[in-house]
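Chemist: With the sequence up front, the predicted model follows.
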Amino acid sequence: MKLTLELLRKNGFRNDVYVRPLAFKAARSVKVALRGLRDGFGIYAFPLGAYLPTGGLAARTSSWRRTADDAIPARGKLTGAYINTALAVDEAHDYEADEAIFLTADGHVSEGGGANVFMVREGVLTTPPVTADILEGVTRTLITNVIKDELGKQVVERSIDRTELYTCDELLLCGTGAQISPVVEVDHRKVGDGKVGEFTQELQSIYFGAVRGESPKHKDWTISVY
C-alpha cells in the first residue's frame, strides 16, 4: 500500500485512476517453466474513465468458453490468460456489443470479459459460484456484503443457464474496472424493460459514494492519498 500511495502522489493524480500491481518472473530464460526463476514486481497507474458503460451496456454470450480452472487457475489474474478475454471481447464488438459474457465448458454462465456477473430474477439475486471458473473478485465480495448487510437481501450462488439471462429482470457486471455496470441487452434481447433497473441504480449509488469517499458509512473502503 505504501508503494501505491507513493506512486499516486508522485504523479499528482486527483481523479479516477486504475492501479495495477504486477508480480512476474524477471529472469532471462527461454525455458517454459516457472521454478527457479528470479521474481520481479512492479506497479503502474493511469487515469481511467468508464471501462464499461455504466449507463447500460449490450452484452454478447461468447463462442469462446471461459478457460477452465484445471487448465489455467481462474482464481488468479494471470496476464497470459487475458488472451481468452481479448478473443471474447473482440467477438462481442464484431456483433456491436460492449462486452462479452463467458460460458463454462458445460454451457453455464461464468463471468464477463473482465467482470463478475449478478442477476436479478423473480426477486432473487443470483451469481455464478466459484466453481464456474470465475475470478473471485474483490468487488464481487464487497457488493455481496452490501447486498446482504445494507440492503437486507440474500445472494444465491448457483449455476446459471444462458437462457436465464434472457428472462431475468436485471443483470449487472462488477469489477475494479467495470465498477457497477448494468446490462440492458444480451444477444440482442432486452433485459427486463431494456432500462437500468431500480436495484442496480441503488447499488450503483452506494458503490460510487463509497469508493469516492463521499459516504461516511464506508470510510473503511478508502485511504487518503494526500
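Modeler: Looks like it arrived, so ask away. This one's a predicted model, so the numbers in the text were calculated from it and none came from an experiment.
Chemist: Number of residues surrounding the residue lying closest to Arg20 once chain neighbours are set aside?
Modeler: Sequence neighbours aside, Tyr44 is the residue nearest to Arg20 in space, at 5.8 Å (criterion: C-beta to C-beta, 6 or more residues apart in numbering). All C-beta spots, glycine's among them, are computed from the backbone N, C-alpha and C. Using other C-beta atoms under 10 Å, Tyr44 has 10 other residues around it.
Chemist: partners of the helix or strand containing Tyr44 in the sheet?
Modeler: Using DSSP states H and E, Tyr44 sits in strand 39-47. Strand 39-47 pairs in its sheet with strand 17-25 (antiparallel), by DSSP bridges.
Chemist: where's the residue nearest the centre of the chain relative to His108, distance?
Modeler: Closest to where the C-alpha atoms of the chain average out (C-alpha atoms, centre = their mean) is Ala115, at 2.0 Å. According to C-beta to C-beta, to the nearest Å, Ala115 stands 17 Å off from His108.
Chemist: any weak-confidence spans in this protein?
Modeler: By pLDDT under 70, the chain has no low-scoring segment.
Chemist: show me where it has helices.
Modeler: Taking DSSP state H, the helices of the chain run over residues 2-11, 82-94, 138-149, 164-167, 198-211.
Chemist: now those in CSV, with distance to Ala178?
Modeler: Below are the helices of the chain laid out as CSV (distance: least, C-beta to C-beta, whole Å):
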stretch, distance to Ala178
helix 2-11, 20
helix 82-94, 12
helix 138-149, 8
helix 164-167, 17
helix 198-211, 11
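Chemist: any chance of these in TSV, with distance to Thr127 and mean neighbour count too?
Modeler: Below are the helices of the chain laid out as TSV (distance: least, C-beta to C-beta, whole Å; neighbours: other C-beta atoms under 10 Å):
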stretch	distance to Thr127	mean neighbour count
helix 2-11	28	12
helix 82-94	19	16
helix 138-149	7	16
helix 164-167	12	16
helix 198-211	13	18
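Chemist: Figure out which of those helices is closest to Val191.
Modeler: Nearest to Val191 among the helices of the chain is helix 164-167; the distance by C-beta to C-beta comes to 7.4 Å.
Chemist: Centre of the chain to that closest one, how far?
Modeler: 20 Å (C-alpha atoms, centre = their mean, to the nearest Å).
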